[in-house]
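In: I'll drop the sequence and a predicted model, then ask my questions.
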Amino acid sequence: MGTHGETCVNTPASPAHQGPGAWWQWLHQLWLSAMAAEDVTGIAVQVYRALIELPGAVVVVGARWSVSEPQYMRVLSAGRDDAVTWLPTEPDWPGGPTLPPSPVAGGALSRVYDLAGPERADVALVAGPLLDSKAAVVLECVFPLATGDNAGLWVGLESRPDPVTAERLEEQLAQVADVLMASNERILDARSHERRQARDAFLAEASLQMDASLDVQETLRRVARLAVPAVAEGCVVHLFRADGRLEPVAVAHVAVTAQERLAGIAHDDAWLDATLCAGAARRDSVVLRGPGLAGGPFDPDAADGGFAVSALSVSPLRARGRTLGTLTFLYGGEDDGMADLRTLENLAGRAALAIDTTTLYAQRREHVRLLQHHLLPRALPEVPGLELSAAYEVGDTSLDVGGDFYDVVAAGGRVALFIGDVCGRGAEAAAFTALARHTLRTLLEDGTAPGPALSRLNRVLTDERASRFVTALVAVLTPAEDGWDTEIAAAGHPFPLLRRADGEVTEVAAHGLLLGVVPGTSYQPVRVRLGEGDAVMMFTDGLIEARSADGTHFEENLPAAVRELAGGDDPAVGIVAAASAFRDLGDDDTAVLIARVRGQR
């Protein structure tokens, strides 16, 4: 006998011999139990207890089997309180070699026959317990289950009932089978719903995690970490290189030692490389088991014991019509816990989109960086008698080129500094930034004075019918006997600041209309003298528009910062850093350009 037992609960005597009303009441109670059960075997005790109390019943046998093999058998004999369950793997399995005939699809098939008759061959699977009970007649009902399996109930009777009773018993047993089939289908639907909910929750969390970073390497690591151990014991992400070869970019495994070995296999194993290339060429996922793993590092029959995996899945990483690489999962133990292919493909699709997005972001960020770099001078010239300092900080986190620019031109014995800002961001702003910077640089290299230089730039912009206005500030420093004569002209730009050697900070009120708005505008310069230790600071509005959490602008702190920092080393960097530390609000770019008189001219 098997050791798997179930204790019967106390239930009323069988309703089968208590009249039609009692039967329907009992069947209703069975239905309620079936609708609340979490497993169809949970109501087996109630069914067996009722069936064993049928008039003349000596044994009740239940069994479940797939197309080719039994799964279990449960037996309750008269006079016993325990139903005993056997599994086919047990040495004392009492079942026979022949499975019962398949039931009619979608319904139960019931009948009554003599155990000694020819029908006995149909129940070889359960004949042993029936014969041991000394039953002479069998009341049988076989029925299909929603999983594709079949199940059956057999009641061994001492003698054949009269035809009317036999017909009623067949009908009642079929009704019990209908309840069990409905219960099984409901339980499977509930489990399927739970799996879908768990899968959807996992995929939603995976998307959030993968979309949380715009760094390519971090996204790749997140993909691998999310999958282990939620989906499988191991995960490897491969991406195609420029030469078309697959390169491992992220590896994760529940065991540290296994992760190190897996990383090595992912880099240089020819079998895995061929398997992944074949998987990348597919549009769907593929799962390899047993013979499919032969010849590779995961072969369970390998001399070194393989990698102790039961299955391996490969999903192509496809996004926006391109195959980026592969997502590989390694499963240990039984395959029952392996994610379904739909989940794998869904996860691979989301991972591919996240990877592609971060890759494109990184590429665009590099392109923007290069473009921004070419809109600014590579280095400031060295001018005897002047210390030049410049700093630039990108305030907007979006991937658009800013419109701030500056430059220094040393030619013809004088030094020209200019700074400007194009309204807005993006490609159009970058185009006008380049136009404004190179136009001013060319004019100032030719010796044009600040006022006429701005007038010429204004004419260029208005002739181009510029859709964006430009602000600019030009200062030309010419050596004088006791310092530098400085001529400053402005076009709608924030006033520059003068820091005297004694620490006094004042504004230079240089007025002028915006560039690119009114044709024929002229600009009048303002003249100041810079002596030893004096400095002139030019900046864009991103500096003064930086705001603290309470709304205070950095403009209020700027004179103190200039007084403190403009006399030190690399003052432009220090002032931009001070504004950045102050800023809680405001995201405009910031450019600062400072010229300080120091030493021999």
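Out: Arrived safely, thanks for sending. Residues are numbered from 1 along each chain as shown.

In: can you give me phi and psi for residue 100?
Out: phi -60, psi 160 (degrees, to the nearest 10).

In: err, residue 83, not the other one
Out: phi -90, psi 130.

In: before we move on, what about the one 5 residues further on?
Out: Phi and psi for residue 88, reported as degrees, to the nearest 10, are phi -60, psi -20.

In: Which residues are in contact with the closest residue to it other than its chain neighbours?
Out: In space, and not counting its chain neighbours, residue 88 is closest to residue 70: 5.2 Å by Cβ to Cβ, 6 or more residues apart in numbering. All C-beta spots, glycine's among them, are computed from the backbone N, C-alpha and C. By Cβ atoms under 8 Å, 6 or more residues apart in numbering, residue 70 lies in contact with 63-64, 88, 95, 99, 125.

In: If you rank the residues you listed by neighbours, which is first?
Out: Tallying neighbours with other Cβ atoms under 10 Å puts residue 63 at the head of the contacts of residue 70, with 24 neighbours.

In: helix or strand for the nearest residue to it once chain neighbours are set aside, which one?
Out: What sits nearest to residue 63 in space, not counting adjacent residues and going by Cβ to Cβ, 6+ apart, is residue 73, at 4.6 Å. Take DSSP states H and E as the rule and residue 73 turns out to sit in strand 70-77.

In: Parallel or antiparallel, list what pairs with that strand.
Out: strand 57-65 (antiparallel), strand 82-86 (antiparallel) (DSSP bridges).

In: looking at those, which is buried most?
Out: Across the strands paired with strand 70-77, averaging neighbours per residue (mean count of other Cβ atoms under 10 Å) puts strand 57-65 on top, at a mean of 23.

In: what sits up against that strand?
Out: 44, 47-48, 51-52, 70-78, 95, 99-100, 125-126, 129-130, 132-135, 145, 149-158.

In: Looking at that strand now, give me its mean pLDDT.
Out: The average pLDDT within strand 57-65 is 92.

In: what's the answer for stretch 280-292, then?
Out: 88.

In: for stretch 118-133, same thing?
Out: Per-residue scores along stretch 118-133 average to 83.

In: And it, what's buried?
Out: The neighbour-count check on stretch 118-133 (16 or more other Cβ atoms under 10 Å) flags 122-123, 125-130, 133 as buried.

In: what's the answer for stretch 483-498, then?
Out: 483-484, 486-498.

In: So which one of the residues you listed is the model least confident about?
Out: Among these, residue 483 has the lowest pLDDT, at 90.

In: how deep is the closest residue to it other than its chain neighbours tucked in, by neighbour count?
Out: Leaving aside its sequence neighbours, residue 483 sits nearest to residue 531 (Cβ to Cβ, 6+ apart; 4.2 Å). The number of residues packed near residue 531 is 12, by other Cβ under 10 Å.

In: Residue 576 too?
Out: Residue 576, neighbours per other Cβ under 10 Å, totals 23.

In: Then residue 556?
Out: 11.

In: who's in contact with it?
Out: Residue 556 neighbours (Cβ under 8 Å, 6+ apart): none.

In: and the gap between it and residue 572?
Out: Distance of residue 556 to residue 572, computed by Cβ to Cβ, to the nearest Å: 20 Å.

In: Same check on residue 388?
Out: 9 Å.

In: Those two - which one has more neighbours?
Out: residue 572 (23 against 18).

In: ok now the helix or strand hosting residue 484, how far from the chain's centre?
Out: Assigned by DSSP H and E, residue 484 falls within strand 483-491. In terms of Cα atoms, centre = their mean, to the nearest Å, the centre of strand 483-491 is set 56 Å apart from its chain centre.
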